[in-house]
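>>> Mind looking at a prediction? Sequence and model below.
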Amino acid sequence: MDHFPIFLSTSTARIIVSGGGDAALAKLRLLMKSSAKITVFAETAAPEIAQWHDAGRLTLVPRAMDYGDAVCAKLFYGANEDAEEDARTAHLAMTCGALVNIVDNLQDSQFITPAIVDRDPVTIAIGTEGAAPVLARAIKADLEERLPQTLGTLARIGKTFRNASYALPFGRARRDFWRAFYFDAGPKAIAEGEDAVRPALDTLLKTHLNKPAREGHIAFVGGGPGDPELLTLKARRALDEADVVIYDRLITPEILELARREAVMIDVGKEGFGPSTSQDHINALLVEHAQTGAQVVRLKSGDATVFGRLDEEIDAVDAHGIGWHIVPGITSASAAVATIGQSMTKRGRNASVRFLTGHDTKGFADHDWRTLAREGEVAAIYMGKKSARFIQGRLLMHGADRHTPVTLIENASRPEQRVIETTLAALPAALEAAKLDGPALTFLGLAPRAAMAVAPTLKIEEFA
C-alpha cells in the first residue's frame, strides 16, 4: 500500500488550487463539498469559478501563484494543465509545508484524491493507487446504486445520539444497538418521515437498556480452502460479528482481513510433525473467551467437520454449558477436484469416494487398503505428503495397479495453486521433484480431465 487512506479534518483547513480550467473545475466540485477555506490562483478562470467566488464559496485570486501564497495551507492541487507551471507552483507549496497533488501526475504527487461516494456524513473513498481510475469510478457507480440517499440522514441523526448511547456498555451492547438502528428501526422510521427517527432512537435505546447481556457463544466456522470468495455468506456474517477469532494455520490472510479490526485474533496453528498448539490449550481458549460473553469464531480451514477435531472442541464447550453452532465450509477436496475438472463419483466407475487422512495422533493412519486397492476406487487423501511412501507401499502390497493415476493439488483455489499429475508407482519421486511447501490434497484414482486447461501442471512420469 503506497498510499495510506485517511480522512483529513477540513473544518479549519486551507486548501490551494492553482489553475482555472477544466482540471481545476473537476477538483473544485469535490473540494467544495468540504468545509475547507479554498483559494484559487488563476490568471484566467472559468466562469463557474468566478461565480463561486462571488457567492463566497471560495476565494479567487486573479494571478499566478507566488512565494508565500501557500502559507498555512494543508493541501495544494496543481491543476494548471501545464507541466512547467505545475512543477513551479508545487515547489512553492511544498516550501510552505503543504501536501501536494498534481493532476494526472502520480509520480510527483504526495497524495491522491480517491473516488468518493457521498452520503454526508457517510463517506466512502475508493482508491486504486492511481493505477485504474476507470475501475474506481465503476466501483463508485455500483455503490451509488446500492446505498440509499436516506443513509446520510440516518447517520446525521445517529451522530447526535452518540452521547445517549454511551448509557450502554462499551463493545457488543453498543454495536447491537447501532446495528438494530441502521438496519431495522432507522429505515422503518425514516419511511414515515425524518421527524420519526429521533423518537425511534429513544424507544430503541430503552429496549436495549432493558435487554439482558448476550451470553458468550462459539461459531465453529469452515473457512474453505483459502479463496475468500468461496466463504459462505453465513461465514462472512459470523466473522463480521465476532469479538474473538481463533484460527488455524492454513487460514489465508485474505480471509482474516474480513474480520472486524477490533476483534481479538488468536493464531492456534498446527503443523503435521511440526510446531503445534496443543488441543487442550485451544479448548481452554474457547471456554475462556466465551465465558466473558464474547462471540467467538473458531475458524478452521476447509470444512470444520472434516479432520478438524471438532468433536473434542464441542465436548469442551459443552462441559461448561456454552452455546455453539456449526457453519459448514467448502472442504479442500471439493475445491481441488473442481480444479482438475473432475467429479469425485462417476456412474460406472465408482459409487463412493473416501476421505482419508495421511496421519493421525498415532502416526501414519491405517485404512482398508484391500478395498482402496481395487480398480476404480477414488480417495481424497488429506495431510498425505509425509505419508506418501507409506500409502504407496500399503496399496501396492494389497494389489493396486502401479499405473493407478494420482493427482496432487497444492494450495487448491489460491493464486499459487499447482497441480501435479503422476501415478501410484511414481508418487514419492513426484513429491520430491515437485518440492511442495503448501497444503496439498492427494487424489487416488483421478487424473486431470485431459480437455481442461489447468495451470500450472507438472506431470511426473513413472520412474524406471
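Done, it's in. Numbering: from 1, shown residues only.
>>> Identify the residues contacting stretch 276-288?
The contact list for stretch 276-288, computed with Cβ atoms under 8 Å, 6 or more residues apart in numbering, reads 218, 246, 266-270, 296, 298, 309, 312-313, 316-317, 320, 322. The C-beta positions use only the backbone N, C-alpha and C, and glycine is treated the same way.
>>> Weed out the non-buried ones from those.
Among the contacts of stretch 276-288, those scoring as buried are 218, 246, 266, 268, 296, 298, 313, 316, 317, 322 (criterion: 16 or more other Cβ atoms under 10 Å).
>>> So which residues of the stretch 301-450 of the chain form helices?
Using DSSP state H, counting those that start in this stretch, the helices found in the stretch 301-450 of the chain span residues 310-318, 332-339, 369-372, 388-397, 427-434.
>>> Which strands or helices does the first one pack on?
Counting contacts by 3 or more Cβ pairs under 8 Å, 6 or more residues apart in numbering; DSSP states H and E, the secondary-structure elements packed against helix 310-318 are strand 217-222, helix 279-290, strand 323-327.
>>> for these, which one sits closest to residue 76?
If you check each of the helices and strands packed on helix 310-318 against residue 76 by Cβ to Cβ, strand 217-222 wins as the nearest, at 47.8 Å.
>>> Give me the sheet partners of the closest one and which way each runs.
strand 295-300 (parallel), strand 323-327 (parallel) (DSSP bridges).
>>> Point out where this protein drops to low pLDDT.
Under the criterion pLDDT under 70, the flagged ranges of the chain are 270-275, 361, 450-464.
>>> Show me how the record splits it into domains.
Taking automatic domain parsing as the reference, the chain has its domains at 14-113, 150-209, 217-330, 333-459.
>>> my guess is residue 307 meets residue 383, correct?
Yes - with contacts counted by Cβ atoms under 8 Å, residue 307 reaches residue 383, the gap being 7.3 Å.
>>> Could you pull out the residues contacting both of these two?
By Cβ under 8 Å, 6+ apart, residue 307 and residue 383 have these common neighbours: residue 357.
>>> and the nearest residue to residue 217 once chain neighbours are set aside, what does it touch?
Spatial nearest neighbour of residue 217, excluding adjacent residues (Cβ to Cβ, 6 or more residues apart in numbering): residue 323 at 4.7 Å. Contacts here follow Cβ under 8 Å, 6+ apart; on that basis residue 323 touches 215, 216, 217, 218.
>>> between the strands paired with strand 217-222, which one is nearest to residue 151?
Counting by Cβ to Cβ, residue 151 lies closest to strand 295-300 out of the strands paired with strand 217-222; the figure is 25.8 Å.
>>> Which among the domains of the chain is found nearest to residue 138?
Among these, domain 14-113 sits nearest to residue 138 (Cβ to Cβ), with 17.1 Å.
>>> now do the same end-to-end measure for the closest one.
Domain 14-113 has its terminal residues 16 Å apart, counting by Cα to Cα, to the nearest Å.
>>> can you start the count at 45 instead of 1 from here on
Taking 45 as the first residue, the last one we looked at is domain 58-157.
>>> picking that back up, so for residue 148, which of the helices of the stretch 345-494 of the chain sits nearest?
The minimum distance between residue 148 and these falls on helix 376-383, with 42.1 Å, by Cβ to Cβ.
>>> chain center to that closest one: distance?
For helix 376-383, the separation from the chain centroid amounts to 22 Å (computed by Cα atoms, centre = their mean, to the nearest Å).
>>> Highest neighbour count among the contacts of residue 367?
Ranked by neighbour count under the definition other Cβ atoms under 10 Å, the contacts of residue 367 are headed by residue 262 with 26 neighbours.
>>> residues contacting that residue?
Residue 262 makes contact with 330, 334, 340, 341, 342, 361, 366, 367, 368, 369 under the criterion Cβ under 8 Å, 6+ apart.
>>> Kindly report the same for residue 60.
Going by Cβ under 8 Å, 6+ apart, residue 60 touches 82-85, 109, 113-114, 117, 119-121, 137, 142.
>>> and it, what are its bridge partners?
Judged by DSSP bridges, the bridge partners of residue 60 are residue 83, residue 120.
>>> what's the span of stretch 199-211, first residue to last?
19 Å.
>>> same question, stretch 161-178
Across its full length, stretch 161-178 reaches 15 Å between end residues, using Cα to Cα.
>>> Identify all contacting residues around it.
Contacts of stretch 161-178 with the rest of the structure, by Cβ under 8 Å, 6+ apart, involve 45-47, 49, 51, 77, 150, 156, 158-160, 179-180, 183-184, 187-188, 191, 193, 195-196, 199-200, 203.
>>> Tell me the buried residues in that stretch?
161, 163, 166, 170, 171, 172.
>>> Would you state the strands of the stretch 395-508 of the chain in chain order?
398-401, 403-404, 407-408, 423-426, 449-454, 462-467, 484-488, 501-503 (DSSP state E, counting those that start in this stretch).
>>> Nearest to residue 436, out of those?
The minimum distance between residue 436 and the strands of the stretch 395-508 of the chain falls on strand 449-454, with 8.8 Å, by Cβ to Cβ.
>>> other SSEs contacting the closest one?
The elements that strand 449-454 packs onto, with contact taken as 3+ Cβ pairs under 8 Å, 6+ apart, are strand 462-467, helix 471-478, strand 484-488.
>>> export the helices of the stretch 345-494 of the chain to a markdown table and tack on distance to residue 485?
Written out in a markdown table, the entries for the helices of the stretch 345-494 of the chain read as follows (distance: least, Cβ to Cβ, whole Å):
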| stretch | distance to residue 485 |
| --- | --- |
| helix 354-362 | 19 |
| helix 376-383 | 5 |
| helix 413-416 | 16 |
| helix 432-441 | 12 |
| helix 471-478 | 13 |
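>>> Which of these sits closest to residue 102?
Counting by Cβ to Cβ, and looking across all of those, nearest comes helix 376-383 at 55.4 Å.
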